[in-house]
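*Asks:* The following block contains a protein sequence and its predicted model.
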Amino acid sequence: MIDVVESDAGGVWHVLDRELAEGSRVHAAIDRGRRFDHMQQHTGQHILSAAFDRLSQARTVGFHLGAVVSTLDLSVEVASAAIAAAEADANRIVWENRPVGLRFVSDADAASLPLRKEPGRSGTLRVIEVEGYDMSACGGTHVSRTGSIGAIAVLSAERLRGGSRVEFVCGGRALGHLHLYRDAVAGCIRHVSVAPEELPSALERLQAENKEQRKALRDVQDRLAGYEAAALAAGAVESNGVRQVVQALDGRDQNTLKAMALAICAAPGFQVALFTTSPPYMTVMARSKDGKGDCAISLRSLLAEFGGKGGGKPELALGAGLTGELEQILSAARRLLRG
């Protein structure tokens, strides 16, 4: 069974994940683990919603019971301190192990009850009461005492349409997330060799160091690209007053190829096409400012022959996704650059 819905006529329909032959007998059984999980989440939601309502006047305007986490949509934006206060008060109710009562009342009788929000239907109502804390009309499944929820844990919160969306878990799901975070933190501290409470600052320090190292590496790569560009320019093939450099370079990404091509074409009289060496190939095509060719047109013709995508301007064009024999691609690039 994947869902239960109520028809317009008031009938209850059980939605299955497969077809049944007409007249066949069916043996149905409740999945106790799944049912208890939903009971924990649903009753926990009642208590958490009541806590936000009591402490922050934040009304619950939406609730989604997810397969992994659940969410509350609140009518107003709630600060982190208020979220922590609501979480603490909700857990106080859980640990006091208060009774959770159930009764059926008419809509007329419901009007005299201190319901947290107006019911969305008329007729006979099913009312869930957390003793001394919350009373709501609800058709969901619930635990009989709040202690069965175990714990309510808020995982995150974000702004949403002038209010807040709060992500939370209860009971067994809260324990599962504790195990998840425990293992993640343990794995991190093994690598950085710090105490758990020092982990945020340690990660921040590592990020800063990594950023500095990346910048230093990029500076070295740029200088090396300049030297390599000079060597390629020195070995250029000259034809009709134009010096042409068409090469496939191992271990280079497209950004490095672009830097090298621009360095070569900073001098007059150059046409350049540089490629990576592993398919699908990337390329950078460039020319000096005094040149007359159009790199974008040349690249378009190359892509039409060998596939891929890309584009650019007359002086610089970038492409990716080329396939075929590399020597044939290089030969075609030389021809297209000559025009």
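*Replies:* Structure received. Residues are numbered from 1 along each chain as shown.
*Asks:* quick one, what contacts the residue lying farthest from the centre of the chain?
*Replies:* No residue in the chain sits farther from the centre than residue 240, which is 54.8 Å out by Cα atoms, centre = their mean. Residues near residue 240 by Cβ atoms under 8 Å, 6 or more residues apart in numbering: none. In short, each C-beta sits where N, CA and C put it, glycine included.
*Asks:* Next one: it from residue 268, what distance?
*Replies:* Distance from residue 240 to residue 268, counting by Cβ to Cβ, to the nearest Å: 14 Å.
*Asks:* can you map out the strands along the stretch 201-339 of the chain?
*Replies:* Using DSSP state E, counting those that start in this stretch, the strands found in the stretch 201-339 of the chain span residues 237-239, 242-248, 270-275, 281-287, 309-313, 316-322.
*Asks:* now what about the second one, what contacts it?
*Replies:* Around strand 242-248, the neighbours that count as contacts under Cβ under 8 Å, 6+ apart are 232-233, 235-238, 264, 269-277, 281, 291, 326, 330, 333-334, 337-338.
*Asks:* For those, which PyMOL command selects only the ones that are buried?
*Replies:* Here is the PyMOL command that selects only those of the contacts of strand 242-248 that count as buried (16 or more other Cβ atoms under 10 Å):
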select buried, resi 232+233+236+264+270+271+272+273+274+275+276+281+291+326+330+333+337
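*Asks:* Could I get the pLDDT score of residue 114?
*Replies:* For residue 114, the model assigns a pLDDT of 90.
*Asks:* Do a quick rundown of the strands in the stretch 1-150 of the chain.
*Replies:* 3-6, 12-15, 60-65, 70-74, 100-105, 125-130, 134-137.
*Asks:* which stretch among those strands comes nearest residue 164?
*Replies:* Closest of the strands of the stretch 1-150 of the chain to residue 164 is strand 70-74, at 4.6 Å (criterion: Cβ to Cβ).
*Asks:* Partner strands of that closest one and their direction?
*Replies:* Strand 70-74 has its sheet partners listed here by DSSP bridges as strand 60-65 (antiparallel), strand 163-170 (antiparallel).
*Asks:* ok, and what's touching the last one?
*Replies:* Meaning strand 163-170. 40-41, 43-45, 48, 52, 58, 61, 68-78, 83, 149-159, 176-177.
*Asks:* and residue 279, how many neighbours?
*Replies:* Residue 279 is flanked by 14 other residues according to other Cβ atoms under 10 Å.
*Asks:* is it true that it touches residue 323?
*Replies:* Yes - contact criterion Cβ atoms under 8 Å: residue 279 and residue 323 qualify, at 5.5 Å.
*Asks:* Filter the contacts of strand 163-170 down to the ones in helices?
*Replies:* 40-41, 43-45, 48, 52, 83, 176-177 (DSSP state H).
*Asks:* what residues are up against residue 308?
*Replies:* Applying Cβ under 8 Å, 6+ apart to residue 308 gives the contacts 280-281, 319-323.
*Asks:* go with 10 Å
*Replies:* Each residue near residue 308 by Cβ atoms under 10 Å, 6 or more residues apart in numbering is listed here: 280-283, 299, 302, 319-324, 329.
*Asks:* next one: residue 115
*Replies:* Neighbour list for residue 115: 105, 125, 127, 129, 134-137 [criterion: Cβ under 10 Å, 6+ apart].
*Asks:* same check, this time on residue 87
*Replies:* 48, 51-52, 151-154, 166, 168.
*Asks:* what's the spacing between it and residue 76?
*Replies:* For residue 87 relative to residue 76 (Cβ to Cβ), the value is 17 Å.
*Asks:* likewise residue 284?
*Replies:* Per Cβ to Cβ, residue 284 is found 53 Å from residue 76.
*Asks:* Settle it for me: which of these two has more neighbours?
*Replies:* It is residue 284, of residue 284 and residue 76, that has more neighbours when counted by other Cβ under 10 Å, with 27 against 14.
*Asks:* got the contact list for that one?
*Replies:* 252, 254-262, 272-276, 295, 299, 310, 312, 316-319.
*Asks:* One more pass at 7 Å, please.
*Replies:* By Cβ atoms under 7 Å, 6 or more residues apart in numbering, the residues touching residue 284 are 254, 257-258, 261, 274, 318.
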